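>>> For reference, the sequence and a predicted model appear below.
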Amino acid sequence: MLKGDLRTQREDVPNNLRIVTMRRAYRILPWGIILLGAVHMVATPSRFETFNASALWFLSGGIVLLLTGSLNLLNRVYGASAPGLLWVCRTTNVGMLAFCGVGGVVTHATPAELVAVTGLMGAMTVLSWMRPRQMADSQAR
């Protein structure tokens with residue numbers, strides 16, 4: 001091995017570590033969104049005395065979160081080979097980030113709730129814009 005080759009490998013270590021960390025985060029964050037959606041749906045009966053339009057709207061928010069997390073799980077696995085899925089996922093994430101932010105302000109969410117939900121969606125949105133080949137699990141092995 002040449003001296004220059006060793007230096008190049010050392011320079012790649014921080015970059016590879018960053019990619020592995022981001023890959024792990026994108027493996028975990030969609031499950032967090034799915035869990036948030038499930039909690040949102042399960043909490044519907046306790047937040048509303050009757051199943052009216054407001055309760056339905058609240059329940060549908062949980063369903064949308066669950067579907068968004070699921071879409072990101074699909075994107076993580078198939079995004080590199082399915083450009084349509086990749087762009088639908090990215091567009092959905094940007095829309096959901098905006099929707100969660102506006103929804104939190106309109107519904108007077110606490111600052112902690114707003115930061116938690118928009119932080120989760122924001123991180124997932126950023127990660128979905130990574131190059132698909134870097135996110136593919138086959139690259140890690």
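Now that the structure is in, tell me what you want to look at.
>>> Tell me how far the spatially most central residue of the chain lies from Leu85.
In the chain, the centroid-proximal residue (CA atoms, centre = their mean) is Met124; its distance is 3.0 Å. According to CB to CB, to the nearest Å, Met124 and Leu85 sit 15 Å apart. Quick note: C-beta positions are derived from backbone N, CA and C, even for glycine.
>>> Run a quick check on the residue nearest to the centre of the chain versus Asn72, I expect a contact.
Yes: assessed by CB atoms under 8 Å, Met124 is found in contact with Asn72 at 5.9 Å.
>>> Overlap of the contact sets of the two?
Counting by CB atoms under 8 Å, 6 or more residues apart in numbering, the shared contacts of Met124 and Asn72 are Tyr26, Leu29, Pro30, Ile33, Asn93.
>>> okay, these in JSON lines with pLDDT, secondary structure and neighbour count next?
Formatted as JSON lines, the shared contacts of Met124 and Asn72 follow (pLDDT from 0 to 100; DSSP: H, G, I helix; E, B strand; the rest coil; neighbours: other CB atoms under 10 Å):
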{"residue": "Tyr26", "pLDDT": "91", "secondary structure": "helix", "neighbour count": "22"}
{"residue": "Leu29", "pLDDT": "95", "secondary structure": "helix", "neighbour count": "22"}
{"residue": "Pro30", "pLDDT": "96", "secondary structure": "helix", "neighbour count": "23"}
{"residue": "Ile33", "pLDDT": "96", "secondary structure": "helix", "neighbour count": "26"}
{"residue": "Asn93", "pLDDT": "97", "secondary structure": "helix", "neighbour count": "23"}
